[in-house]
Every structure is written in structure tokens, then in C-alpha cells.
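> sequence? don't have it. structure:
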DNA sequence: GATTGTTGAATTGTCCGACAAGTTGACAAT
DNA sequence: ATTGTCAACTTGTCGGACAATTCAACAATC
């Protein structure tokens, strides 16, 4: 009754073979990071294929991040930065219509853990950058409270930067990778909440409390304030009237084209 | 004294313009998911460029996941699955020489949270799959304890599958995205630990306890057992004598070529 | 009626050859 | 030490070409 099961036959196109071949050279270290790739004609000769085919293979490498073409011209071998993947990840999540609930649940976990690790590892240099960040935000809050207009995007960017600095301070690249796409998706949400509810002062206060706890190296206090900060954000979202289980749809895009 | 600051001039190559143009068509919905891309010649005419140029642009789309060429041939518009990014993410992490400590710290956080959410959301269907998974693992453990040889890769795969099922049960795609690269990097580590320490029985016991707690919907118990399970793993790693702050180097690769 | 051939048009994969624009590196001039 | 010049090399883009596949519609068969 049951038909026999066959595994899919796949005959890769040549340009993909080129891609794999060069990729292996890079991953195995025979082509070092920063080195210039052999010229297209050289590769074409070496592989015994046409230059056009090599070019298509190189495009794959380019998009996969193993090769960058700085400025105008010569492509170099690069090691793809893990955070570069974040933009694609957040794009994929939006296309899959993830909800604010999913986003927030993940964020509250990751941000808390990040902050907690940071408490014992953050350096004076990071604390200084946090202070500088807070100063900038304080200036904007002052303007808001004087009813002067501010640029919402700038405020949100400063907010995001604060959390990014803590992420650096946590000194864990795996966690940073997990955090990045989440953090990016938060930005459009922030853009919606802030101007409607004018929660600027609350954000600033929370940041200062977190900074203090970090400076004191008090992990549980850091964790606790971060949690409250995140819950505040969720309350803000709730109060905008946006349904928490609605997808973060295309509104969130905006700077789609890299 | 200070030189004037100029913003970088960027002149994109044409193939990249093609990439952006088609990408926008897709993201804006004018090109629907599953639809076939216009033919290369059609695109070339439309953009007023050569077919070769269009092809290079399509390679970028291909690698970025917005277009797939099923089996042999015709490219279709696809929405990139977020989990597909994971292989690239783990590759990037390995190239950056992340340490087992970083990996484990992230994993313990994410797995705990995932399991905890799963406690209140997991479906009978998922519980059934967990049971089936446990049965398979039990069979292997029995063979190990009878000193019969087993395939380590199979055991590790079953282990990973157990955690994947829970991740599905947690019903949070953002968390699943964050979890995936971490989970993948754990696999090679598991391959090292298991055969050396023969911890198969311990793993199975932990899985059964977690399954029971999930079935009972007891979030704190789930969380607790998952934490212990993860800590067990770390102890296992410690006892292999591998330094926790050493990078997970190329050993972890192995199936590099997609 | 559903599966299995047939056939012809459309499309992809690959190749070749060509050329303008730009980059690189060496060397000369200021 | 910066600036100018020049030749060799590369990349980006173009045009045309052809075999191999895939697709869709239709015919044939059980």
C-alpha cells in the first residue's frame, strides 16, 4: 500500500558548488579573514567554469556575509558579525506576523538575564557610557516637560542604546545574539507608545535606577528593576489600546531596504 | 585643523538595485508568497538591464531566503522561515570563538523560560510526541546498559528533539528563534559529553520528570527540573576536563556545508 | 476517470567575448 | 610626506548563444 520512500535527489547548480567550495576554503581557514578573494577570472580558471558562474557564486557569499565589498570594489573575506543577522531575523519574524505578546515574553526573559549578568561584569567604561546616555535622555525629557517638540525617533534610539550598552556589559555574545532581533522589534513598538502616553520621565527614572544597581553590582536589584521597567513597557502598550495578540504588522517595517 | 566630515558616498551596483527592487515588491505584498518570480528576461526588460545582472540580483534574494528554487528549477517567492537563520547564526558564533560558558549561560535562561511557558500551553498532542520521544530514548538507554553499541548521534538527536518539542509547546516564535542557534551549538557539545561519561540514564530520567511536570501543568516544577537538567549538562562538561572558557572551536563544525 | 505518454513553448543554467570604469601599486615629482 | 602619473589588473555590465529542464496542455491508455 505505502509507496517506497526515496530521498530527494538534488543536483546543485554549478554556481552553488562554487559557493560551497569557496565557503569551505574560508571556514577551514585556508582563506584567511581580511584577505582578498582571488580574482573572478582566477577562480573561473581554477574551477574550470565561466566567470559569470563564479560571479553568481560570489553573490551568494556576499549575501551570506562571508565576503564584503568595501566601498566600491575589491571583495574581501570577512567573518560575518552575528549581530548582522538580526535585521534578517526581525524581518522574518514580522513576515510571520508574530504578536506583541510573543515579543514581550521573550524580551522580558532575555533583558532580565542580560542585566543580571551585567551586574557582576560591567566595566567602569560601560558605566560611563550609561551615564552619558542618561544625560542625553535627561535633556530630552526636560524639553518634553517644557512642552518643546522632540524627535521621537531620537528618544527611542537613546532608549535602545541604553539597553545595548548593558548587553555589551554582560559580556556574553550568545545572549547578545539572542537579544538583538528582539531589541530591534521593540523599537517600532516604542515609537508608538511614547508619543501617545508621554512616558518619557518614567523611562528615564527606570534607567537611572538600573544604572545605580549596576554600579552597585547588585544583581537581584538590577534584575528587579529591569523587570519592572519591562512590565511598565507592556502596560504602556496595553494602554494604547493595541491588542496584545495582534501581529506586529507592516507598520513595524519602515526601514526595510537595509 | 579638523578635516571636514563627509558622509560616505555609496553607489550601489546595479545587481543590488535589482535586489532591492524585487525585495520591496515582496515585502510590500505586490509579489505574493508562493508566487513564481517573473522570468529573468522579463525582469531584465522591465528594469532595462542585462539578464546577467538580474541573475546576480536573484542570487542575493536566494541567499537571503526570500526566494527559493524548489528542487531543480523555478524560483518562487518564499517567506524565509526564522529558524532557517539559525544555521548561519551558529556558524557566526563559532567563527567568533564563543565559549562554552557563554553558550551555557544563554541556554539555561532560554530553556528554563521556554519550559515554563510550555507548562501552561502545551497540548496533548505535544505530550504524546514527548512520550514517543522518551520511549525511543529509553530503548537506547536499555541498549547502553546492556553494553550494546549505540549511535551517539542518534541519541543526541533524540535529546535535541525533546527540547524542540517543548519549544513548540511554548508557542512563542520569538523565543523559538532565540533558542534555535543555541540549541544547535549544544549538539556537538552533547556528542562529546555523552560517550565519555555515559550519562544516558540521567538524561532520560530528567526528561521523564520534565514531561511529568509539563503534563501536570506545574510551571515552577517544570522550571526547576529544567534548571537541574541544564546544570547536569554543565557538570558533565566540566568533568570531561574541557575548559569552560575555551572557545567551541572548529570541532563543533562538521556539517558545515548546509 | 485517473494515470501515463507526447509535444512544444518558456525558462533556467552555463558559456563566450567584449568594453568602460574603477582600483591598485609602483614610481616620479613637488 | 604629500601629490601626480601611469600601466596592469579587476569588477560591473552588456550582448548573444545554446543545451537541458520544466511547464502546461493535450492525447492516449488502462
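Happy to help now that I have it. Predicted model, so just to flag it, every value in this text is computed and none were measured. Residues are numbered from 1 along each chain as shown, chains lettered A, B, ... in the order given.
> wait, does stretch A:211-225 make contact with chain B?
No: residues of stretch A:211-225 contacting chain B under CB under 8 Å from any CB of the partner chain: none, with a closest distance of 11.5 Å. In this view, the C-beta of every residue, glycine as well, is placed from N, C-alpha and C.
> what distance separates the helix or strand residue A:16 falls within from the middle of the whole chain?
According to DSSP states H and E, residue A:16 maps onto helix A:14-27. Computed by CA atoms, centre = their mean, to the nearest Å, the chain-centroid distance of helix A:14-27 equals 27 Å.
> Look at residue A:179 and give its secondary structure.
helix (DSSP: H, G, I helix; E, B strand; the rest coil).
> How about the contacts made by residue A:89?
By CB atoms under 8 Å, 6 or more residues apart in numbering or on different chains, the contact list for residue A:89 reads A:180, A:181, B:82, B:85, B:89, B:177.
> nearest to DNA strand D, of the residues you listed?
Nearest to DNA strand D among those, counting by CB to the nearest atom of the strand, is residue B:85 at 25.1 Å.
> Which parts of the next helix or strand after the helix holding residue A:16 count as buried, going by neighbours?
Downstream of helix A:14-27, the next assigned helix or strand under DSSP H and E is helix A:40-47. By neighbour count on 16 or more other CB atoms under 10 Å in any protein chain shown, the buried set for helix A:40-47 is A:40, A:43, A:44, A:47.
> I figured residue A:51 was touching residue A:39, is that so?
No: using CB atoms under 8 Å, residue A:51 makes no contact with residue A:39, being 9.4 Å away.
> on that earlier part again, filter the contacts of residue A:89 down to the ones near DNA strand C?
Among the contacts of residue A:89, no residue lies close to DNA strand C (CB under 7 Å from any atom of the strand).
> what's the neighbour count on residue A:70?
9 (other CB atoms under 10 Å in any protein chain shown).
> Just give me the residue closest to the centre of chain A.
Chain A has residue A:180 as the residue nearest its centroid, 3.0 Å off, counting by CA atoms, centre = their mean.
> residues in contact with residue A:109?
B:109, B:110, B:113, B:175.
> List the buried residues for the worst-scoring helix or strand of chain A on mean pLDDT?
Here the helix or strand of chain A ranked lowest by mean pLDDT, DSSP states H and E is helix A:85-95, holding a mean of 83. Applying a neighbour-count criterion of 16+ other CB under 10 Å, one finds A:85, A:86, A:88, A:89, A:90, A:91, A:92, A:93, A:94, A:95 buried in helix A:85-95.
> mind giving me the domain split of chain A?
As given by automatic domain parsing, the domain ranges for chain A are A:14-77, A:83-252.
> Make JSON lines out of those domains and add distance to residue B:55.
Shown next, in JSON lines, are the domains of chain A (distance: least, CB to CB, whole Å):
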{"stretch": "domain A:14-77", "distance to residue B:55": "6"}
{"stretch": "domain A:83-252", "distance to residue B:55": "22"}
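> Just name the most buried of these.
Among the domains of chain A, domain A:83-252 has the highest mean neighbour count (mean count of other CB atoms under 10 Å in any protein chain shown), at a mean of 19.
> Check the offset of that domain from the chain's centre.
Distance, centroid of domain A:83-252 to centroid of chain: 12 Å (CA atoms, centre = their mean).
> ditto for stretch A:42-54
36 Å.
> can you give me the strands for the stretch 51-200 of chain A?
A:67-69, A:75-77 (DSSP state E, counting those that start in this stretch).
> Save those as CSV, and put in mean pLDDT and distance to residue A:220 too.
Output for the strands of the stretch 51-200 of chain A, formatted as CSV (pLDDT from 0 to 100; distance: least, CB to CB, whole Å):
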stretch, mean pLDDT, distance to residue A:220
strand A:67-69, 88, 43
strand A:75-77, 89, 45
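> contacting residues for residue A:86?
Residue A:86 touches A:177, A:180, A:181, A:183, A:184, counting by CB under 8 Å, 6+ apart.
> Helices of the stretch 51-200 of chain A, start to end?
Secondary structure of the stretch 51-200 of chain A, counting by DSSP state H, counting those that start in this stretch: helices at A:51-64, A:85-95, A:100-121, A:124-145, A:152-170, A:173-197, A:200-216.
> Report all helices and strands that the fifth one contacts.
Packed against helix A:152-170, as judged by 3 or more CB pairs under 8 Å, 6 or more residues apart in numbering or on different chains; DSSP states H and E, are the following elements: helix A:100-121, helix A:124-145, helix A:173-197, helix A:200-216.
> and the second one, what's its mean pLDDT?
Think helix A:124-145. Helix A:124-145 shows a mean pLDDT of 96.
> The last one too?
In this model, helix A:200-216 has an average pLDDT of 96.
> re the thing from before, between the buried residues of helix A:40-47, which sits nearest residue A:190?
Nearest to residue A:190 among the buried residues of helix A:40-47 is residue A:40, at 44.6 Å by CB to CB.
> I'd guessed that closest one sits against residue A:55; true?
Yes: with contact defined as CB under 8 Å, residue A:40 reaches residue A:55; the gap is 6.1 Å.
> Could you list the residues of chain A in contact with DNA strand D?
So chain A meets DNA strand D at A:37, A:39, A:40, A:41, A:42, A:51, A:52, A:55, A:69, A:73, A:74, A:75 (CB under 7 Å from any atom of the strand).
> State the distance from the third one to residue A:24.
Which is residue A:40. Going from residue A:40 to residue A:24 by CB to CB, to the nearest Å gives 18 Å.
> Include distance to residue B:248 when you put the strands of the stretch 51-200 of chain A into CSV, please.
CSV is the format used below for these (distance: least, CB to CB, whole Å):
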stretch, distance to residue B:248
strand A:67-69, 24
strand A:75-77, 21
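> right, and the ones you listed - which one's nearest residue A:149?
Of those, the one closest to residue A:149 (CB to CB) turns out to be strand A:67-69, at 39.3 Å.
> Touching the closest one from outside, list them.
A:37, A:58, A:61, A:62, A:75, A:76, A:77, A:78.
> Perfect, I'm done here.
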